[in-house]
Every structure is written in C-alpha cells, then in structure tokens.
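Student: got a sequence here, can you model it:
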Amino acid sequence: MQPTDIKDPDYFHKVVDCQWACPAHTPVPEYIRMIANGRYADAYMVNWKSNVFPGILGRTCDRPCEPACRRGRVEEEPVAICRLKRVAADFKGDVSARMPPRPTSRNGKRIALVGAGPASLTVARDLAPLGYDLVIFDRDDRAGGMIRSQIPKFRLPEEVIDEEVGYVADLGPELRLGQEVGSLKALLDEGYDAVFVGSGAPRGRDLPIPGRQEAAANIHIGIDWLSSVSFGHISKIGKRVIVLGGGNTAMDCCRSSRRLGGEDVKVIVRSGFEEMKASPWEKEDAMHEDIPILNYLVPKEFKHDNGRLYGMTFEKVKAEYDARGRRKLVPTGEPEQFFECDDVLVAVGQENAFPWIERDIGLDFDQWDMPVVDQVTFRSTHPKVFFGGDAAFGPKNIIWAVAHGHQAAISIHQFCQDQDVKDRPPPMVTLVSQKMGIHEWSYDNAISLDLRFKVPHRDKLQALKDIKSEVELGFTAELGYAEAERCLNCDVQTVFSDKLCIECDACLDICPVDCISFTGNDDEAKLRTHLTAPAHNVEQALYVSAPLKTGRIMAKDEDVCLHCGLCAERCPTGAWDMQRFLIDVAQAENACCSH
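Tutor: This next block holds a predicted model:
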C-alpha cells in the first residue's frame, strides 16, 4: 500500500463517522464538546450553519449519524447525537443577534422557490445573504412544508417551527403563501433567473381493494389526514382505528388517533416487524402508548354495510427467500383474519405528483415519472430548473432535504454567476495539535463504559389527553452534559510522523483495541489479514505510513481506533500526535472562491 495522504480532506472526514454519515455533514463532535462546556449558543450556531433546523431536527431527525457512531463499537448504544442537538436548541437563549443580517444590496438575480418546506428554506438561507431576490411560493398559509403539516405537535411544537422558519424569513425572502403554482412554464415566463422545486412528495398512496370506494367516508390517506389534524380541520376520530403501513407516517397516524378519541388503535403491516421502515424509537413510542403492531397481514377488503365501514379482512402471509436472498411474501393458507374498525388511515407510502410541470419545456422525466435530476448538482435537464428534497428523488427525512438545499444553492449561485455548476467548491479544513504538555491534551480523552441516558417523557395519561402536549421533554442540562461526555471525540485524529518513529513498539503495547501494527507492507487485501488484529471492515481505511528504518510500515485500522490518545501519551519521540480535524463543508457563499 502507498502511504496515506492525510491531506485529502475526505480521509479524516470519513474517520469522523457521525459527520460523514450526516447528509448535511454537521460537525457532530465539535458541537457536542461545546455542549459539555456549557456553550449552548455556540453549539446551536454550529448546527444552524450545517442543518438549518437544530431544534426541529433535534426532535425529528432520522439520525443517520447514530448507527455510524464510534461509541456503538464500544457498547450497545451510540451517543444520543440527535437529542443533544435539541439540548443546544433548548438552552441556547436568544441567538437572533448572531444570525446573518438582512442584505442591504442586491445582485440583480431573481430566484423562484416552489414549496416552503425544508429544502426551499435551506436554499433561501444560503442565497439570501448573497443578495438574491427570492420568491417562495406555497399552497399553505404558513411556511414550513411537511415540517408543519405532517409532523404531529406532540412530537414537534408549533413554537419551535415558528422560531426556526422565522430565522430564514428574517433574511428577507418574499413569501407568497396560499399561492399554489399551477404551471412551471408560466413561472419561467415571468423571467426568473432560476427556479428551485422543493414541493415535496405531496401525494399519499391509496389502496384500491374491494370496498374502497363504497366506504370512502371513513378511509383516509394518512398524510392528508395528518395535515388536516395539524391545521385544525379534524379534531376527532372513531373509537376503533386501523392504521395501514409500517413507516413513520403510520406511527404518527396511530399516535394522533389515540389523542383524538381512538381507544382501540392498531397498526397492521404486510412485512415483518424488523422490516418496517419506521425508526425503532417511533415503533417503541407507539407501543408504549398501547398500540399493537400486527404484521404479515395483507389487506384484502374493506367491509361495509351500505357504505358504513365496520371492518377489514386480511390474508396471513409469511416471508420466503430464494437462493439470492430475495424476499417473497406467500400465503400461509390460514383463514382470513377480520378486524373491526370505524376508521382506516392508509399510510402505505408517498409519491411525487407533478401535474403542474409541462412535459414540453425541456425538462425530462424518467420511467417512474420522476424528473431527471443530477445527483451532484441537483439540476434538471432544463438549465434554469433545480430540484431538492422529496421532489428530487422521492421521500426521505428532513436532513436529506437540507443537504439537497445546500448543494442546489451552490449550483444556482454558480449558474447565476456564469460558472460551471459541476465545479464544486472545496471544503475548508483545519488540523491542529491538541497538545498542551508532554502528556496533556486540550480535550477529555478518558475512555469508560457509559450507558446511554434516557430522555425524560411526559406521563402517558397526561400526554394522551392533549394532541399538542409534547411527549419527549428533552435532556436537562445535567443529563445533556452526562450524555455529551460519552462522545469519543473521533474528530481528534491520531497523526503519525514516520520520521520521528524509532520503532520501539510502545504504542502497539498500550493500544487497548490492538488497532496499531508494525509489519511488512503488502497489497491492502493481504495487509488487512496480517495486522495485530485483522481489519475486516473495508469501508473504513487503513492508515499506512511510509517505510520506516527497518523497512516495516505502521498500519492503523481506523475502524476500531477509539481516539483515546494513549499511543501519543506513551510515544517517547512524539511520533504520534492528537490533532483536532475540522472540516467545514462549503456552501453557496464559498462557491466562487476557487475561480
């Protein structure tokens, strides 16, 4: 293997597993250290720059960072990264003075944004300070998109939405709320320099089985029903409720039903429990509220009496797998199962709908009737039209919409400045030694087994009485500090200098996880097998030095290193150093720096 190029910004970035896994690349260990030091406003602003909605995401994020967390390799549960984001939001105080000022000059470019959801708001956040005139259209009367319309208030209070959407609104975009865009061609004809489509995936999938039309009065599409509840159009439901579907929307539907009069509420899915798309914590919260989840049941018919719904029948199935491991659901042959109900909520998926985009304006659609969008630039085949969020590639979480918005904003800025949209600005990277003394570091590097702390919840009986009563109460400052201390500071990197190494093997002896080896060089596949501990995870790199005086090389398995710093403490020559790596992923404001 060739010596590792640690100057490549992606090398150490990938070692910071949580930040690498976050679509918006939020510098997680950086803000967690700030929380541990009581610097809540600083932690909030670090988040705000990357993910725009810290208080919202601290309650609703799908947490792709947590399965990647290095703490999960030491013990069962990762650091509660998402809930610590909320700690920063809850204790930050007034940060309005730290927000970018409304621009005093304009650059002459005018951008239309379709939809006032997280993707469009992120684009607006990035472009407004650069002097763009921004016009945001949305059919709803309040900005926020699916954040406001589809997430129940017992998970996300209205005031949190108002605050964080307000920070973007304060930057001065023109909000044309209650105005639905009916034609993309007409919008382009108004002379906008670019159009961003962040209209989400607004159509819930239906279930066209027998009885659907006859019993339609009591069969509701999940996302539409949640929106009606959110805006106060629906305030009650029948006592017996069936929710069809296994995603997070289904969990929101069943929990909302419990609060609107549903006494016998059950979720019924066609897949196995472990295969459900809902986040594990969403399923746990539903079951805690006495909502059973019944699986391997395929809906067959809505039962009704002259249009009055009274139940559903289901076919029992089981999973079988072929030689390639592909799953197929097959009937078990058992009798059909019948469940009584007064209402059914259908939450079996969402899909995009673009009836307002003409097919003759140079914008191509694929075989699934989705716009053809470049996955790097988020540009469509029409040079002026960009997409992001659920509108680009289908339903995902808010954090993905934010990531899309940042990248689309770069592209729009490049396009409007007559630059190549494919020329992406590089990140800003710093690598600074944390050495304060011979064996002292400027961060807490003690490694201990610390079980994840539980987030306090409101009493169940109280929570079920009020659909606007937030269930999760968030960490106290004390619990937030304790949870922050579980972070292993994996952005503080072990940096090796082959010129200083005397090959005493002291670092090898003290390493608690056997991640360091001094060995003969080889190609990567073979080298991984004859390290002190074989390195099986090929997704994470080996850190390889240049040849040492004996001809051996140093090879470190980045996958299992705990960043404890014992190697650097033990090294008599300072060949190992602990250096804090900070990558600041470029946004639109940096887009022309390299030209």
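
Student: going forward, measure contacts between C-alpha atoms and count neighbours the same way
Tutor: Will do.

Student: show me where the stretch 251-400 of the chain has strands.
Tutor: 264-268, 293-294, 297-305, 308-321, 327-331, 337-340, 343-346, 350-351, 385-387 (DSSP state E, counting those that start in this stretch).

Student: redo those as TSV? Include mean pLDDT.
Tutor: TSV is the format used below for the strands of the stretch 251-400 of the chain (pLDDT from 0 to 100):
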stretch	mean pLDDT
strand 264-268	98
strand 293-294	98
strand 297-305	97
strand 308-321	96
strand 327-331	92
strand 337-340	98
strand 343-346	98
strand 350-351	84
strand 385-387	98
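
Student: mind putting these into JSON lines with mean neighbour count and distance to F475?
Tutor: Listed next are those as JSON lines, based on neighbours: other C-alpha atoms under 10 Å; distance: least, C-alpha to C-alpha, whole Å:
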{"stretch": "strand 264-268", "mean neighbour count": "23", "distance to F475": "30"}
{"stretch": "strand 293-294", "mean neighbour count": "18", "distance to F475": "29"}
{"stretch": "strand 297-305", "mean neighbour count": "19", "distance to F475": "38"}
{"stretch": "strand 308-321", "mean neighbour count": "18", "distance to F475": "40"}
{"stretch": "strand 327-331", "mean neighbour count": "13", "distance to F475": "41"}
{"stretch": "strand 337-340", "mean neighbour count": "15", "distance to F475": "40"}
{"stretch": "strand 343-346", "mean neighbour count": "26", "distance to F475": "33"}
{"stretch": "strand 350-351", "mean neighbour count": "18", "distance to F475": "33"}
{"stretch": "strand 385-387", "mean neighbour count": "26", "distance to F475": "36"}
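
Student: okay, which residue is most central for the chain?
Tutor: I399 (3.6 Å; C-alpha atoms, centre = their mean).

Student: centre of the chain versus the lowest-mean-pLDDT helix or strand in the chain, how much separation?
Tutor: Ranked by mean pLDDT, DSSP states H and E, the weakest helix or strand in the chain is strand 350-351, scoring a mean of 84. Mean-position distance between strand 350-351 and its chain equals 18 Å (C-alpha atoms, centre = their mean, to the nearest Å).

Student: which outside residues touch stretch 109-121?
Tutor: Stretch 109-121 is contacted from outside by 132-139, 143-147, 165, 168, 181, 187, 192-200, 388-389, 398, 401-405, 416, using C-alpha atoms under 8 Å, 6 or more residues apart in numbering.

Student: got the buried residues for that stretch?
Tutor: Using 16 or more other C-alpha atoms under 10 Å as the test for burial, stretch 109-121 gives 110-121.

Student: and if you look at stretch 193-211?
Tutor: Judged by neighbour count (16+ other C-alpha under 10 Å), stretch 193-211 contains these buried residues: 193-207, 211.

Student: just the ones in strands from these, please.
Tutor: If you go by DSSP state E, the buried residues of stretch 193-211 have 194-197, 203-204 in strands.

Student: select the longest helix from the chain.
Tutor: helix 398-416 (DSSP state H).

Student: pLDDT value on V471, please?
Tutor: Note on V471: pLDDT of 96.

Student: can you pull the contacts of it?
Tutor: V471 sits next to 154-155, 457-459, 463 when contact means C-alpha under 8 Å, 6+ apart.

Student: tell me the two of these that are most distant?
Tutor: Spatial extent of those (C-alpha to C-alpha) is set by the pair R155 and D459 at 14.4 Å.

Student: higher neighbour count, these two?
Tutor: R155 (18 against 10; other C-alpha atoms under 10 Å).

Student: wouldn't T573 be in contact with K499 here?
Tutor: No: using C-alpha atoms under 8 Å, T573 makes no contact with K499, being 10.0 Å away.

Student: helices of the stretch 101-250 of the chain, start to end?
Tutor: 118-127, 146-149, 158-169, 184-189, 222-230, 248-259 (DSSP state H, counting those that start in this stretch).

Student: re the thing from before, for the longest helix of the chain, name the packing helices and strands.
Tutor: Counting contacts by 3 or more C-alpha pairs under 8 Å, 6 or more residues apart in numbering; DSSP states H and E, helix 398-416 packs against helix 40-51, helix 118-127, strand 194-197, strand 385-387.

Student: how about the ones you listed, which one is nearest A546?
Tutor: helix 40-51 (35.8 Å).

Student: and the helix or strand that that closest one is followed by, average pLDDT?
Tutor: Where DSSP states H and E defines the elements, the next helix or strand beyond helix 40-51 is helix 54-60. The average pLDDT within helix 54-60 is 98.

Student: before we move on, what about stretch 117-124?
Tutor: 98.

Student: and what of stretch 558-578?
Tutor: The predicted model assigns stretch 558-578 a mean pLDDT of 92.

Student: any regions of the chain where pLDDT drops low?
Tutor: 435-450, 592-595 (pLDDT under 70).

Student: can you rerun that using 80?
Tutor: Along the chain, segments meeting pLDDT under 80 span 434-450, 591-595.

Student: pretty sure M554 contacts D522?
Tutor: No: judged on C-alpha under 8 Å, M554 makes no contact with D522 at a distance of 11.9 Å.

Student: comparing the two, which residue is more hemmed in?
Tutor: Legend: neighbour count by other C-alpha under 10 Å for M554 and D522, higher for M554 (26 against 13).
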